[in-house]
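Student: what's the 3D shape of this:
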Amino acid sequence: MNIKNSLEFMVKYNKVMNTNIWCIIVQLKNLEVKWKIGVIYHSPSTSDSEFINYLDSIVMNICDTTSNNVIVGDFNINMNKVSTHSVKLNELFNSISMHQLVDFNTRIAEESQTKIDLLYSNVKNIACKRLDRHKISDHETIMFNINIGNQIPLRVVSEIVSWERYSCDSLIDLLRCYDFSIFDQLDLEEMVAFLDLYLLNNLQQLTFVKQINIKIKNKWYDYELTQLNKRKSEAYNLAKASHQWSDYYSIKKEYKKNDKTEKIEYMENKIITNQSDSKLMWKYLKQTVCYNSIKDDITLLQHGGQYIEDKNQIAEVLNTYFA
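Tutor: Purely as a prediction, here's the structure:
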């Protein structure tokens, strides 16, 4: 799968089963609508039943009706014939409102014409067509266009105190308005306290609160978190006015939970996709475990569904994994 550099994405699934079934699904990020796009290959050497069972676990766990989904590839199940497996395949995708959109034969041989390269989606206005000029195998090249919309520049609104109106002359004018005659009856500490209180209460005449847009640098911080953060801010302002804080605390809790989940998924994805680059992989590992704050040794490690407590075994497992 090739993805344009300007698009931000996260790998949601990337596995090979017995070298006969390949599947990768990515989620495009920072769009107003979720998009999950996947490519799949089913080798004829793997049974159709096994392939459909494999698909069932992927489709139901990753694709959902809240996102726009596209799964395309060589399914190696001929949809020109009504069979047990072609019916099951359609039923599986139809259960989450995804439908097969390729309406032409995709593999034409001397004695057969089959439709085995398919595209399933819950987006109805996708049109598939045969691209004759770029045929690179005995299968037809399927071309389709989708409008994903524009990527959203992620920014948050923050309030700062602006000193744009401040000047030495304006401060002097402010001090001239103060009645210093009361200082005759005060000691030095009281004078300082009165002047400090006066400046504190009146400096708003020299400053003002300004809203600025700050670009978000956290790569896992997507459009959904931005919208949730906006809801949190609105709930906070409402709570201050109404003294009803329950909604704010509920949204704040949801925001913190989602932010943590997105960060973990992002880091796990980066570690997996950079396994061949030890420098980058260690960079993300360090960010994930916050190694500077860890003072104790690793005393428990989960590996292969089992928990290991022996330090020598833990070291051996880690050395093997990072070798």
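
Student: low-confidence regions, this protein specifically.
Tutor: Scanning the chain for pLDDT under 70 picks out 134-135, 150-158, 213-219, 287-297, 305, 322-323.

Student: C-terminal to the helix or strand hosting Ile52, what's the next element?
Tutor: Assigned by DSSP states H and E, Ile52 falls within helix 48-62. Sequence-wise, the next helix or strand downstream of helix 48-62 (DSSP H and E) is strand 68-74.

Student: which SSE is immediately downstream of that following strand?
Tutor: Using DSSP H and E, the first helix or strand after strand 68-74 is helix 84-94.

Student: quick one: Leu89 and Met98, what's the gap?
Tutor: 11 Å (CB to CB, to the nearest Å). Where you see a C-beta, it was placed from the backbone N, CA and C, and this is true even at glycine.

Student: CA atoms only: put the helix holding Ile52 into CSV for me.
Tutor: Taking C-alpha atoms only, helix 48-62 is exported to CSV below (Å, rounded to 0.1, in the frame of the first residue of the first chain):
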residue,chain,number,x,y,z
ASP,A,48,-12.5,-20.0,1.2
SER,A,49,-14.0,-21.0,4.6
GLU,A,50,-10.7,-20.2,6.4
PHE,A,51,-10.4,-16.9,4.6
ILE,A,52,-14.0,-15.8,5.5
ASN,A,53,-13.5,-16.8,9.1
TYR,A,54,-10.3,-14.7,9.1
LEU,A,55,-12.2,-11.8,7.4
ASP,A,56,-14.9,-12.0,10.0
SER,A,57,-12.5,-11.3,12.9
ILE,A,58,-11.0,-8.3,11.0
VAL,A,59,-14.1,-6.7,9.6
MET,A,60,-16.2,-6.8,12.8
ASN,A,61,-13.4,-5.6,15.0
ILE,A,62,-12.0,-2.8,12.8
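
Student: so which elements touch it?
Tutor: On a contact count with 3 or more CB pairs under 8 Å, 6 or more residues apart in numbering; DSSP states H and E, helix 48-62 meets strand 9-17, strand 21-28, strand 35-42, helix 84-94.

Student: switch the cut-off to 10 Å
Tutor: Packing partners of helix 48-62 (3 or more CB pairs under 10 Å, 6 or more residues apart in numbering; DSSP states H and E): strand 9-17, strand 21-28, strand 35-42, strand 68-74, helix 84-94.

Student: about what we covered before: need the overlap of contacts for Leu89 and Met98.
Tutor: In terms of CB atoms under 10 Å, 6 or more residues apart in numbering, Leu89 and Met98 are both contacted by the residues Tyr120.

Student: about what we covered before: the helix holding Ile52 to strand 9-17, inter-axis angle?
Tutor: 160 degrees (axes from the mean of the first three to the mean of the last three CA atoms, to 10 degrees).
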